[in-house]
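S.K.: Predicted structure and sequence below. I'll ask about it afterward.
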Amino acid sequence: MSRSTLPPGQQLAAPGRWPQVGERAPRDDASPWRVSIAGEVERPLTLSLAELAALPQVEQAIDIHCVTRWSKLGVSFSGVLLAELLTTAQPRATARFVSFVARSSRAHSTSLDLSDAIALGAFVALQTDGQPLSSEYGGPVRVVVPGRYFYKSLKWLERIDVLADDRLGFWEAQAGYHNVADPRNEQRFIAASISRHDMQKLLASRDWSRREVLGVEARGLDLSGLVARDAILRNAHFEQCQLREAVFDGANLSNAHFAGADLRLASFCHADAEGSDFVGADLRGADFRGASLLGATFAGPDALDAAFRPPGASIDRTTRFDNAALAELAPPQAAFVFAALRG
């Protein structure tokens, strides 16, 4: 499929790759795996995996769009429609939302408007490409929600709670991810989590270590020498910033915006820079060893982008990457970086 089928801001993962994100395994629990449906329903259900597999199955080719800007198109899943399960459970008139809860160590969850979940064709998946779902990809049973960023497609499903009032899940309540998550509208994050007064105090400081600020707005500012070790700065806006010799070691910079920034001699060692935009940034002398760069961009996708912003980051042999970081890049991004490193 062509790039034109992708939602804005997305790029294709390398052919044959399905990147792993988030937790890697469900909780350690020897009890039989069951999926329950409870809450605002007339007939609560508890189903074993065998009982789920015995229900009418649907097979759909789903485009996976991760919030960290990579996509994988046409992945085949099969399972049971949520609508089919709810027909049996019989939601009450008060049912307005659905929360999916994982069999994980922290029982993480995500929620959807119930009518949206049905309209989107959400289903409980047991297989992909005709094979049982492996644990690292959410098996033995997960949710698949077409048309939403993939954090709404919960791994390791254990419970479906039908609710009268919405209950934000982990990623929405703790990480600031958008509760609707429509890729076509780039609904990645909620609004910034800091007041104007606190923002002014933050900008006056050069030490942001271990601070948590979602969507920080710092475009065009001089923050040379900034120290932000282990900070949580998802969706941060550093476009056109002066960030020479900044230290982002261990920071969470998921979907951060560094387009056109001066990042000479900056350090991103062991940072989570998944989905970050470095297009047009000066990265000479920058250090990305140990960083996670899944979905990161260093060059615009085509000449049209160049009319609006620089076509590529400034990278040379003084820019440091390791093989693991480079292996996570989408093929066009990796090709650009390798060519730049060769000089």
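M.R.: Noted; the coordinates are in hand. Residues are numbered from 1 along each chain as shown.
S.K.: from here on, contacts and neighbour counts on C-alpha atoms
M.R.: Fine.
S.K.: Tell me what Arg320 is bridged to.
M.R.: Asp287 (DSSP bridges).
S.K.: Assess the claim that it and Gly290 are in contact.
M.R.: No: Arg320 lies out of contact with Gly290 (Cα atoms under 8 Å); the separation is 10.0 Å.
S.K.: Next, the residue nearest to the spatial centre of the chain: secondary structure please.
M.R.: The centroid of the chain falls nearest to Val67 when counting by Cα atoms, centre = their mean (3.3 Å). Assigned state for Val67: coil (three-state reduction, DSSP: H, G, I helix; E, B strand; the rest coil).
S.K.: was I right about it contacting Phe150?
M.R.: Yes: at 7.0 Å, Val67 counts as touching Phe150 under the criterion of Cα under 8 Å.
S.K.: Determine how far the longest helix seen in the chain lies from the middle of the whole chain.
M.R.: If you go by DSSP state H, the chain has its longest helix at helix 331-342. Helix 331-342 has its average C-alpha position 24 Å from the chain's average C-alpha position, going by Cα atoms, centre = their mean, to the nearest Å.
S.K.: Can you get me the start-to-end distance on stretch 267-275?
M.R.: Start and end residues of stretch 267-275 are separated by 17 Å (Cα to Cα, to the nearest Å).
S.K.: Low-confidence regions, the stretch 201-343 of the chain specifically.
M.R.: Counting by pLDDT under 70, the ranges of the stretch 201-343 of the chain that qualify are 301-310.
S.K.: Would you map the helices across it?
M.R.: With DSSP state H, counting those that start in this stretch, the ranges of helices along the stretch 201-343 of the chain come out as 303-306, 323-327, 331-342.
S.K.: Mean neighbour count added to these, as JSON lines?
M.R.: Shown next, in JSON lines, are the helices of the stretch 201-343 of the chain (neighbours: other Cα atoms under 10 Å):
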{"stretch": "helix 303-306", "mean neighbour count": "12"}
{"stretch": "helix 323-327", "mean neighbour count": "15"}
{"stretch": "helix 331-342", "mean neighbour count": "16"}
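S.K.: Arg27 is nearest to which of these?
M.R.: Closest of the helices of the stretch 201-343 of the chain to Arg27 is helix 323-327, at 27.1 Å (criterion: Cα to Cα).
S.K.: ok, and what's touching the closest one?
M.R.: Phe288, Arg289, Gly290, Ala291, Ser292, Leu293, Leu294, Ala334 (Cα atoms under 8 Å, 6 or more residues apart in numbering).
S.K.: Would you mind listing the buried residues in stretch 18-30?
M.R.: By 16 or more other Cα atoms under 10 Å, the buried positions in stretch 18-30 come out as Ala25, Pro26.
S.K.: pretty sure Val75 is in a strand, no?
M.R.: Yes: the assignment for Val75 (three-state DSSP) places it in a strand.
S.K.: Give me the distance between it and Arg229.
M.R.: 37 Å.
S.K.: In terms of neighbours, single out the busier of those two.
M.R.: Neighbour count, other Cα atoms under 10 Å: between Val75 and Arg229, Arg229 has more, with 22 against 13.
S.K.: who are the neighbours in contact with that one?
M.R.: Contacts of Arg229 (Cα under 8 Å, 6+ apart): Trp208, Ser209, Arg210, Val247, Phe248, Asp249, Gly250, Ala251.
S.K.: mind redoing it with 7 Å?
M.R.: Contact partners of Arg229, counting by Cα atoms under 7 Å, 6 or more residues apart in numbering, are Ser209, Arg210, Val247, Phe248, Asp249, Gly250, Ala251.
S.K.: Equivalent analysis for Tyr177, please.
M.R.: Trp171, Arg188, Phe189, Ile190.
S.K.: Next: Ala259.
M.R.: Glu239, Gln240, Asp277, Phe278, Val279, Gly280, Ala281 are the contacts of Ala259 under Cα under 7 Å, 6+ apart.
S.K.: quick check, nearest of those to Arg219?
M.R.: Ranked by distance to Arg219 (Cα to Cα), these are led by Glu239 at 4.8 Å.
S.K.: how close does the closest one get to Asn323?
M.R.: Counting by Cα to Cα, the gap from Glu239 to Asn323 is 27 Å.
S.K.: same check, this time on Glu212
M.R.: From Glu212 over to Asn323 the distance is 29 Å, taken as Cα to Cα.
S.K.: what's the farthest-apart pair in the contacts of helix 323-327?
M.R.: So for the contacts of helix 323-327, where distance means Cα to Cα, the most widely separated pair is Gly290 and Ala334, at 16.0 Å.
S.K.: thought Val41 was touching Gln90?
M.R.: Yes: assessed by Cα atoms under 7 Å, Val41 is found in contact with Gln90 at 5.4 Å.
S.K.: got any ranges where the stretch 1-150 of the chain has weak pLDDT?
M.R.: 1-4.
S.K.: Kindly recompute the last result at 80.
M.R.: 1-4, 22 (pLDDT under 80).
S.K.: what's the nearest residue to Ala271 if we skip its chain neighbours?
M.R.: Leaving aside its chain neighbours, Ala271 sits nearest to Gly250 (4.2 Å; criterion: Cα to Cα, 6 or more residues apart in numbering).
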